[in-house]
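Colleague: Structure for the following, please:
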Amino acid sequence: MSPQKSEATAVNLNYAQSMAGFIEYQTGAVVSRTLVDKQAGTVTLFSFDEGQGLSEHKAPFDALVYIIDGQVIITISGKQHKLSTGEMIVMPANEPHALKAVRKFKMLLVMVKS
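Modeller: Coordinates of the predicted model:
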């Protein structure tokens, strides 16, 4: 399923904020919201309803995934990793990976392009 883009609301960089509140769950959907989009990389929030996921694919850059809420199985090069709230993993560049929500979950994806 392709992520749906959420409505843009300005992120104020001048004070601390709750990441979980910047994106909501939508029934039967994957939702994404880009917080930072720079030449050196991107920072994107995602929310996945239970059972939703992203099919296996590759990305040309390393990506750090931090689980804000919920539980997911992330498969990297055929090896499954079950992550829960507060855990993180790095998906290496050019390695096949896929995501499947065990329970609805929110994640922060930091993609490093340089």
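Colleague: ok, then the element right after the helix-or-strand element of the chain with minimal mean pLDDT?
Modeller: The weakest-scoring helix or strand in the chain, judged by mean pLDDT, DSSP states H and E, is strand 4-5 (a mean of 48). Next along the chain after strand 4-5, taking DSSP states H and E as the criterion, comes strand 30-38.
Colleague: Report the strands that pair with that next one, each with its relative direction.
Modeller: Paired with strand 30-38 in the same sheet, following DSSP bridges, are strand 4-5 (parallel), strand 41-48 (antiparallel).
Colleague: Buried ones in that strand, by neighbour count?
Modeller: 30-33, 35 (16 or more other C-beta atoms under 10 Å). Just so you know, the C-beta spots here come from the backbone N, C-alpha and C atoms, and that holds for glycine as well.
Colleague: Let's test this: mean pLDDT of it, rounded?
Modeller: Strand 30-38 shows an average pLDDT of 93 in the prediction.
Colleague: Give me the pLDDT for the residue located most distally from the centre of the chain.
Modeller: When each C-alpha in the chain is compared with the mean C-alpha position (C-alpha atoms, centre = their mean), N14 comes out farthest, at 23.5 Å. Looking at N14, its pLDDT is 70.
Colleague: Model confidence for V11, exactly?
Modeller: For V11, the pLDDT comes out at 63.
Colleague: thought K82 was touching I67?
Modeller: No. The criterion here is C-beta atoms under 8 Å, and K82 misses it with I67 at 10.2 Å.
Colleague: and those two? which has more neighbours close in?
Modeller: Ranked by neighbour count (other C-beta atoms under 10 Å), K82 and I67 place I67 first, with 19 against 10.
Colleague: got a list of what the nearest residue to V36 once chain neighbours are set aside touches?
Modeller: Leaving out its chain neighbours, the residue that sits closest to V36 by C-beta to C-beta, 6 or more residues apart in numbering is V43, at 4.0 Å. Going by C-beta atoms under 8 Å, 6 or more residues apart in numbering, V43 touches 34-36, 108-111.
Colleague: So which of the residues you listed is the closest to L99?
Modeller: L109 (9.9 Å; C-beta to C-beta).
Colleague: what helix or strand does the closest one sit in?
Modeller: strand 97-112.
Colleague: Fine by me, we can end here.
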